[in-house]
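[1] This is a predicted model, with the sequence first.
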Amino acid sequence: MKIRAVQFAPALGDVERNLEFHLREIDRARRESVELIVFPELSLSGYHLKDIVYDISLTPQHAAFKEISRLSREIDVILGAPWEEPRGIIYNAGLCFSKGELSHRHLKVQLPTHGMFEERMIFKPGGEFRPFALSGHTAGMLVCREILFPIYAYLYYLQHTDLLIGISNSPQRNMAAGGFASLELWESMGYVYSQFFHQNYLFVNRVGFEEGIGFPGGSFFARAGAGIVQKAKYHDPDFLDCEADPADVRRARVSANYLRDEEPHVVLRELRRILHA
């Protein structure tokens, strides 16, 4: 599958402007024979929504989704949006459009509410990690902070997910010797998921500044069994074109047999013991 990650700076609260950008880039990718295009977390709205989320949240009937659904007849699309369903309940959602319809939605479970983050104040958390079919792949989606909890990627791994997609609005934080420590953190997870869970893993992060907070980009693709093999620019808008091949997943799984030798029933038994101690 030919995939394009779009690393850009959404306009805060301006759904119409962000939608125009999405439609233009989706159409361009379609004309260039890309099969899947992926945008960052909350790409239709921007991140620091606070009280404006109640004015711009998108219901399933919103005109934006009709336009994106139309284009998805020829190219699969993953994006992020404040999703309202039922009325008055808003989620931070990752949405997949395929074959002319909304084919999957992932509602973010881990909502950070500390320091600069206020997500649980406006969003309701989701509660599932279900894989979905995507052009011959078994795909899974993680949204930002969920990426930092390996147990969630493990749940997809047990469900034989071969393409894991993480969309993010991760700000730049904590200087380290080689740059921002936050970037090193995301890249470390890329190595873990590709090398130990044997998944092709795409990480798509935004750039730009919003409410005084900088977002560093650094999107990347990690090939199953090989670690990170491609990176987008740090700090600047960029595109990353990559190719996910299920054969790489099979090769990685055969070489190490982690999935074959996994003991999820032991994990479940120990979790029950720990939780009920």
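    Sure, I can see it. Predicted model, so just to flag it, every value in this text is computed and none were measured.

[2] residues of stretch 149-162 that come out buried?
    152, 153, 154, 155, 156, 157, 161, 162 (16 or more other CB atoms under 10 Å). Glycine gets a C-beta too; all of them are placed from N, C-alpha and C.

[3] got the CA positions of that stretch in CSV?
    The C-alpha trace of stretch 149-162 is given here as CSV (Å, rounded to 0.1, in the frame of the first residue of the first chain):
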residue,chain,number,x,y,z
PHE,A,149,1.0,3.0,26.5
PRO,A,150,2.5,-0.1,24.8
ILE,A,151,-0.4,-2.2,26.2
TYR,A,152,-2.7,-0.6,23.6
ALA,A,153,-0.5,-1.5,20.7
TYR,A,154,-0.2,-5.0,22.3
LEU,A,155,-4.0,-5.3,22.0
TYR,A,156,-3.8,-4.7,18.3
TYR,A,157,-0.8,-7.1,18.0
LEU,A,158,-2.9,-9.9,19.6
GLN,A,159,-5.6,-9.1,16.9
HIS,A,160,-3.0,-9.7,14.2
THR,A,161,-2.8,-6.0,13.2
ASP,A,162,-0.1,-5.6,10.5
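
[4] to the chain's geometric centre, what's the distance from it?
    14 Å (CA atoms, centre = their mean, to the nearest Å).

[5] Low-confidence stretches in the stretch 151-277 of the chain?
    173-181 (pLDDT under 70).

[6] now the strands for it?
    Per DSSP state E, counting those that start in this stretch, the stretch 151-277 of the chain has strands spanning 163-168, 175-176, 179-180, 200-205, 207-210, 213-216, 220-223, 227-231, 238-243. These are given in chain order.

[7] Residue 26: which of the ones you listed is closest?
    strand 238-243 (12.6 Å; CB to CB).

[8] Now tabulate the buried residues of stretch 149-162 in JSON lines and tack on distance to residue 46.
    Putting those into JSON lines (distance: CB to CB, whole Å) gives the following:
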{"residue": "152", "distance to residue 46": "24"}
{"residue": "153", "distance to residue 46": "26"}
{"residue": "154", "distance to residue 46": "31"}
{"residue": "155", "distance to residue 46": "29"}
{"residue": "156", "distance to residue 46": "27"}
{"residue": "157", "distance to residue 46": "32"}
{"residue": "161", "distance to residue 46": "29"}
{"residue": "162", "distance to residue 46": "32"}
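
[9] on that earlier part again, and of the strands of the stretch 151-277 of the chain, who's closest to residue 17?
    Comparing those by CB to CB, strand 207-210 comes nearest, at 13.2 Å.

[10] Indicate each strand paired with that closest one and its parallel or antiparallel sense.
    Strand pairing for strand 207-210, using DSSP bridges, gives strand 213-216 (antiparallel).
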